[in-house]
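1. Please work out how this folds:
(2 chains)
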Amino acid sequence: MSGVLTLPARRTAPGVFVALAVTLAIGWLVVTVDGGQLFSLPTTVSLLHVAAGLGLVAVGQTLVVIGGSLDLSVAYVISLSTLVAAEAMNGDDAALLPAIGLALAVSAAIGLLNGLLVTKARINAFIATVGVGLLLKGYLDNGYDGPAGKTAPALVQGLGYQRVGPVPVSFLLLLAVAAAAWLVLARTRFGHHLIAVGGDPEVARLSGVRNHRVLVTAHVLCSLCAGLAGVYLASRLGSGAPRVGTEGLYDLESIAAVVLGGTALAGGRGGVAGTVGGVLLLASIDAIFNQLEVDAFFKQVIRGVIIIVAVAIYARRALRKAAS
Amino acid sequence: MADPPPSPLLTLRGIGKSFLGVRVLDSVDLDVRPGEVHAVVGENGAGKSTLMKIASGVYAPDEGTIDFAGAVRSFRGPRDAQRAGIGMVHQEFNLLPERTVAENVYLGREPVRRGLVDRKAMLSRTAALLDSIGESSLPPQARVGQLGVARQQVVEIVKALATDARLLIMDEPTAALADNEVERLYALVRRLQERGMGVLYVSHRLKEVFDLSGRITVLKDGRLVTTVDTARTDADRLVRHMVGRELSSYYPARARPDEVGPVRLTVHDGGNRKLRGVDLRLRAGEVLGVGGLQGSGRSALARALFGAAPFATGDVRLDGAPVRLRSPRAAMRAGIAYITEDRKGEGIVAGQSVLDNALLASRALLPGAGRGARAARVRELLAAVDVRAAGEDQEIRYLSGGNQQKVVLAKWLALGPRILLFDEPTRGIDVGAKSAIHDLVRQLARDGAAVLMVSSELPELLGMSDRIIVMRDGRIAGELPAGAGEEDVVALAVGAAREAAT
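-> Residues are numbered from 1 along each chain as shown, chains lettered A, B, ... in the order given. Reported below is the predicted structural model:
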């Protein structure tokens, strides 16, 4: 009994990193046999770029999911953010910072709306955020047929293409954001309260936590992350793109990454580190399939299978834990 | 003895509370002194929980005053009461299993240093609190979900201590504890007492009440019966205070000896997570009442027989032949019907019509065959049990509780069951409709069905049953014949009497 009791509370590194290592090893083998090279500079760089975009969204998504909520509007927030940023810059380096600020402010406002709908209006997070997403989709479809605006050259050169060795600046940005989110969850009252609200809202309330305020904040942070991902994508594309978020499936993929990383969809358990692992796993699978030139549709099927299997394994483990 | 009692820490005066026009508390007075354990006892529905929730700020009283630590208070919520110094240890723990002991204890009040949560301070302060109540073996960084129930309770108590509570309200604190763990809880409560803390202790178990408390307050039907010094009373007198209602309403005549048939159902040594060593015989034509307190295993017994939470061990026989009741479907096939206590959640599909609800079980068990005939039979049954509805197409949620219950009954009768398990058959049903349900239950027995009826209403249990078994802690504590008194049932249920079985 006491042996069990003294186990440290920190969860061991999520199994997703094991899966990542195995995937990369198998992928490397298969790609090599196929005559390709998985860890060549171009592949690695592109892998990390994919991870940076998805990762920024997924880190934000982690926060709301831990709080027992969910954000399905992120894909549209991303698209909107690329447009706001690119149009405000209009190719002018001088407008760089104000434009980024504006894009983030708009994103934060959408997050605030999401949070208020979920808490004050008591609308199920799924419905509320899909609703807000459709609202944004209407605006985007109505106002834009294709790319618009022009990203400031400085941003394109910096965030878009600058590298430190094989590591793009954007990936470093992801690591910084993830580290910040980790610190927030582990070492701030807001983080503790967020985990409590996700774990059991009634326990949190009776312990004096202001549940609504906590959840609204989480939604704002999530949207901010999506907005940041939008700024990054604008830097890659050189302009605003009204469909980039939905075409990249950032809403569902970010949730998939969160779940792969071991965060419970019901809330209250999980963390940012696992999410980064989940993002890298998805990006690696993507890179391997690209190297093997697997059919795009088949690729989707495989990704679907991997996500289902991963979640089934987690569910199994949770069951066993409950039984013991 | 010469010292006058210290001035009370908490004083409740003339507390009254109604829910939806039903009076659940009526001018109740209660006070708790520092360093005193004050026990509150009473039957189910006596108003204990409501009174505790008023004292801890969950509900506001309709009438009366709360005086705490020398000032009149009106708490706007549990947080308010906590800040004033009233801690509550809930029956279901208010803890996060995924978080550590320290994180749980300081949830909502995390110490902060330079903007960040000060983990070191949190751990050391939690360790100090644990140490102060003699629980230093509990590591503050352990995850709560990995702790046993008893230690989780310690965490819950420490959580209250961390708010500098001066009064601790404990609602059925031993409900989930094993016997040796109860001893530890006693020690803990005594240590709190020595610190001058007042403890309001709600329990069904008279043994604990006598072991721990200095004074006992008895509630019945929302009213204060008496407050006595524990040293000047005994279990018998207490039980008499707790019951003693007039058996006024009408019940159908019991089974005559010639109406009781052979044994239908036998359980030998049945057990599962909530039941232990259950031995039971149920005869055709009789109503076997099942009494006991909430959580004593009454419903668990019915659910085990219906296969909803099956027996894990033991031996069940139907008409002498062994059967395995592994699922509700298997039980239904064996001719067993279960009328649940949770009508809204498990008995009806609120948005479906009366007819659809009545057809639910037969559709599930006998799909396809003879649709027309089936509907015709169910219509007859609906008429036979006298359902009053605007029409068979009316959504069932618009019916009164009594009529809903009749539809549920018709649903089961459509399968022609030979064993009927009623769990609180008249819960939430108004007085007039109650006797109609009672008549139906008796009529079914008279027609040869074996009936098992769980009820927490003592008059109903005593008025309806041909025999009564009383459950306690997942076991059958004893059996009583027809004509037993309320005191006999309560005595068995709270463990004040020698176990009749042994």
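
2. Can you tell me which residues in the stretch 101-250 of chain B are near chain A?
-> B:103, B:107-110, B:112, B:115-117, B:119, B:137-139, B:141-143, B:146-148, B:159 (CB under 8 Å from any CB of the partner chain). Glycine gets a C-beta too; all of them are placed from N, C-alpha and C.

3. what's residue 290 in contact with, if anything?
-> With no chain named, the answer covers chain A. Going by CB atoms under 8 Å, 6 or more residues apart in numbering or on different chains, A:Asn290 touches A:43, A:46.

4. Let me rephrase: I mean chain B.
-> B:298, B:301-302, B:452-455, B:461, B:468-471.

5. and what of B:Asp67?
-> Each residue near B:Asp67 by CB under 8 Å, 6+ apart is listed here: B:8, B:10-13, B:73.

6. List only buried entries from the residues of the stretch 101-250 of chain B next to chain A.
-> For those, a burial check counting by 16 or more other CB atoms under 10 Å in any protein chain shown picks out B:103, B:107-110, B:117, B:119, B:138-139, B:141-143, B:146-147, B:159.

7. Pull the most distant pair out of these.
-> Spatial extent of those (CB to CB) is set by the pair B:Arg109 and B:Gln146 at 23.3 Å.

8. Contacts only, for the residue in chain B positioned nearest to chain A.
-> Using CB to the nearest CB, B:Gly108 is the residue of chain B that sits closest to chain A, at 3.6 Å. Residues in contact with B:Gly108, defined by CB under 8 Å, 6+ apart, are A:193, A:196, A:204, A:207-209.

9. now swap in B:Ala334 and tell me
-> Contacts here follow CB under 8 Å, 6+ apart; on that basis B:Ala334 touches B:318, B:323, B:325, B:419.

10. how many other residues sit next to B:Asn94?
-> By the criterion of other CB atoms under 10 Å in any protein chain shown, B:Asn94 has 21 neighbours.

11. Isn't it up against A:Val203?
-> Yes - the pair B:Asn94 / A:Val203 is scored as a contact, 4.7 Å apart, by CB atoms under 8 Å.

12. Now for these two: what residues contact both?
-> Shared contacts of B:Asn94 and A:Val203 (CB under 8 Å, 6+ apart): none.

13. Could I get the full set of strands for the stretch 101-250 of chain A?
-> A:163-164, A:167-168 (DSSP state E, counting those that start in this stretch).

14. Any chance of the ones you listed in JSON lines with mean pLDDT as columns?
-> Listed next are the strands of the stretch 101-250 of chain A as JSON lines, based on pLDDT from 0 to 100:
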{"stretch": "strand A:163-164", "mean pLDDT": "92"}
{"stretch": "strand A:167-168", "mean pLDDT": "96"}
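
15. Out of these, which is the most enclosed?
-> Highest mean neighbour count of the strands of the stretch 101-250 of chain A: strand A:167-168, a mean of 20 (counted as mean count of other CB atoms under 10 Å in any protein chain shown).

16. Run through who's touching that strand.
-> Here strand A:167-168 has contacts from A:45, A:48-49, A:52, A:161-162, using CB under 8 Å, 6+ apart.

17. For stretch B:63-80, what is the distance to the chain centroid?
-> Put simply, stretch B:63-80 sits 28 Å off its chain's centre (CA atoms, centre = their mean, to the nearest Å).

18. What are the buried residues along it?
-> For stretch B:63-80, using 16+ other CB under 10 Å, the buried residues are B:64, B:66, B:68-69, B:73, B:75, B:77-79.

19. Can you list the low-confidence ranges for the chain?
-> With no chain named, the answer covers chain A. Scanning chain A for pLDDT under 70 picks out A:1-14, A:318-324.

20. my bad, the chain I had in mind was chain B
-> Along chain B, the model assigns pLDDT under 70 to residues B:1-5, B:20-21, B:44-45, B:91-92, B:244-249, B:368-371, B:430-432, B:497-502.

21. Could you look up the SS state of the residue positioned nearest the centre of it?
-> Centroid check for chain B by CA atoms, centre = their mean gives B:Gln294 as the closest residue, at 2.5 Å. Assigned with DSSP: H, G, I helix; E, B strand; the rest coil, B:Gln294 falls in the coil class.

22. does any part of stretch A:264-279 sit near chain B?
-> Yes - with CB under 8 Å from any CB as the criterion, chain B is reached by stretch A:264-279 at A:268-269.

23. What is the end-to-end distance of that stretch?
-> End-to-end distance for stretch A:264-279, by CA to CA, to the nearest Å: 16 Å.
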